[in-house]
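J.: Mind looking at a prediction? Sequence and model below.
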Amino acid sequence: MSSLKLTVLSGKGGTGKTTVSVNMALSLPNIQLLDADVEEPNSQYFLHPNFDNEEKIYRKVPEINQDICTACRKCVDFCEYNALAMMLDEVLVFPEICHSCGGCEKICPVDAITEVDRVLGVLKHANTDYDVDFWQGELNIGEESSVPVIEALKEKADRQKDVIIDAQPGTTCPTIEAVVDSDYGILVTEPTPFGLSDLKIASELMDELQIPHGVIINRAEEDSDYIIEDFCEEKGIDILLKIPFKREFAHLYSDGIPFVIEYPDWKDKFKSVFNEIRGGLNEENYSN
Amino acid sequence: MKIAVTAENDNGFESNVNPHFGRSPYFAIVDTETEEIELVKNEAARASGGAGVSAAQLISDRGVEALISGGVGPKAYTALARGNIEMYSIKDGTIRQAVEAFEEGSLSQLTSPNGTPRK
């Protein structure tokens, strides 16, 4: 049985990516969880990890040698991200918004620019009490681009295990980076018009990336689930699971307790969702 | 002297003041001696990042010596300060009212950035 790498994502924030990621991870053997929501990694509040390893993530930013700089302004005009400014004939660097493309260094006609390392964030590892091999990425406050942290985090994926990646909400670069080389995407949504609207965008993204995907409805309620169900039926997207809108689940959430701990029958549900995904992908590979 | 006021719209001295700097739709560039006004569209108003730095560059390039806006974020503040551009705070009103208040000396000067950087 080959290892499966799946990413849990959503268009809308707050739909339950972390709830799904953590509870699913706790339901499976030999599992690794990567929290790639590096601007606010929340899985830790449910796994209570004792971190045993830390790795800093660096990226390159320009440093200007003002003695050599002739204030020609070529670098400022080149920078698409406004990370450089020319004030009173002096080039200012705003490293937080630099995308580390290296273009300014190349374009400088007098070699006044060198690239230096800047700490962008950190990766932290823990073997948790729950027997989950857990890594999380953290982006430093004020940094604009989280992609390099997510790239480095994904290198920690242990393909001897199944891997669950908890992505950032939205459908922009950080989410794409998290999911782009996954075998499967679980789109978590809620039965509201907002949930639907962002699910549509997330589903379009998955089509664009040609990644098979299915939907989990969180905070499901009988009289509103049709909002999501109608769309999924029309698009032919599987609804993998519904997690009901239950006061008990909300209580456990607010206490930082994954609900599968108190309701172990849900472990079976998550396990069968995971096995169905694996089965479906194997079948697809077989038929190809 | 040339001053810049962040503007909501393109209606000369009657344009409304916009409280944001980097993402202001327009900048009114006013020459206080000649009383000439030019409204410059802020092409970076919807940039994903670096709008404040871009705005600081824009007004610095036009020889502006003082800025009137609601508040200025940290990166823009750094850029403006290094460009020797004084910053003054105003809540609302028209460009005309802002310029008059500036000339009367009744605007308070910004001595620190406000707001948080956008993600």
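T.: Yep, that arrived.
J.: Tell me how many other residues surround the closest residue to chain B within chain A.
T.: Relative to chain B, the nearest point of chain A is A:Asn82 (2.8 Å; Cβ to the nearest Cβ). C-beta: built from backbone N, CA, C; applies to glycine. Residue crowding around A:Asn82 was assessed by other Cβ atoms under 10 Å in any protein chain shown; the count is 25.
J.: And A:Val147, by the same measure?
T.: Neighbours of A:Val147 using other Cβ under 10 Å come to 19.
J.: Which residues are in contact with it?
T.: A:Cys173, A:Pro174, A:Glu177 (Cβ atoms under 8 Å, 6 or more residues apart in numbering or on different chains).
J.: and what of A:Ile216?
T.: So A:Ile216 contacts A:Gly16, A:Val20, A:Ile186, A:Leu187, A:Val188, A:Thr189, A:Ile239, A:Leu240, A:Leu241, A:Lys242, A:Ile243, A:Val273 (Cβ under 8 Å, 6+ apart).
J.: In a strand, it, correct?
T.: Yes. Membership of A:Ile216 in a strand is supported by DSSP: H, G, I helix; E, B strand; the rest coil.
J.: Kindly state the beta-bridge partners for it.
T.: A:Val188, A:Leu241 (DSSP bridges).
J.: ok, it to A:Ile277 distance?
T.: Applying Cβ to Cβ, to the nearest Å, the value for A:Ile216 to A:Ile277 is 11 Å.
J.: Ok, A:Tyr253 next?
T.: Counting by Cβ to Cβ - A:Tyr253 and A:Ile277 are separated by 24 Å.
J.: Quick check on these two: which one has the bigger neighbour count.
T.: The residue with more neighbours, out of A:Tyr253 and A:Ile277, is A:Ile277; 21 against 16, by other Cβ under 10 Å.
J.: That one and A:His213 touch, don't they?
T.: No. Contact criterion Cβ atoms under 8 Å: A:Ile277 and A:His213 do not qualify, at 9.6 Å.
J.: Phi first, then psi, for B:Asp31.
T.: phi -90, psi 110 (degrees, to the nearest 10).
J.: mind listing what it touches?
T.: B:Asp31 neighbours (Cβ under 8 Å, 6+ apart): B:Met1, B:Lys2, B:Ile37.
J.: how near is it to B:Lys41?
T.: 19 Å.
J.: List the contacts of residue 17.
T.: Here I'm looking at chain A. Counting by Cβ under 8 Å, 6+ apart, A:Lys17 has contacts A:Val8, A:Leu9, A:Ser10, A:Asp37, A:Asp166, A:Ala167, A:Pro169, A:Val188.
J.: should've been chain B
T.: Per Cβ under 8 Å, 6+ apart, neighbours of B:Val17: B:5-8, B:68-70, B:90-95, B:97-98.
J.: Only the buried subset of those residues, as a PyMOL command please.
T.: With 16 or more other Cβ atoms under 10 Å in any protein chain shown as the criterion, this PyMOL line picks the buried residues out of the contacts of B:Val17:
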select buried, chain B and resi 5+6+7+8+68+69+70+90+94+95+97+98
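J.: Go through the contacts of B:Val17 and flag which are in strands.
T.: Using DSSP state E, B:Val5, B:Thr6, B:Ala7, B:Ile68, B:Ser69 are the members of the contacts of B:Val17 that sit in strands.
J.: wait, which of those is closest to A:Asp225?
T.: B:Thr6 (46.6 Å; Cβ to Cβ).
J.: and that closest one, what are its bridge partners?
T.: According to DSSP bridges, the residues that bridge with B:Thr6 are B:Phe27.
J.: need the residues of the stretch 1-150 of chain A near chain B, please.
T.: Proximity of the stretch 1-150 of chain A to chain B, by Cβ under 8 Å from any Cβ of the partner chain, involves residues A:39, A:76, A:81-83, A:85-88, A:90, A:92, A:94, A:96-97, A:142, A:144.
J.: Taking these, tell me the two that lie furthest apart.
T.: A:Glu39 and A:Leu88 (34.6 Å).
J.: who's more crowded, the two?
T.: More crowded of A:Glu39 and A:Leu88, by other Cβ under 10 Å: A:Glu39, with 16 against 11.
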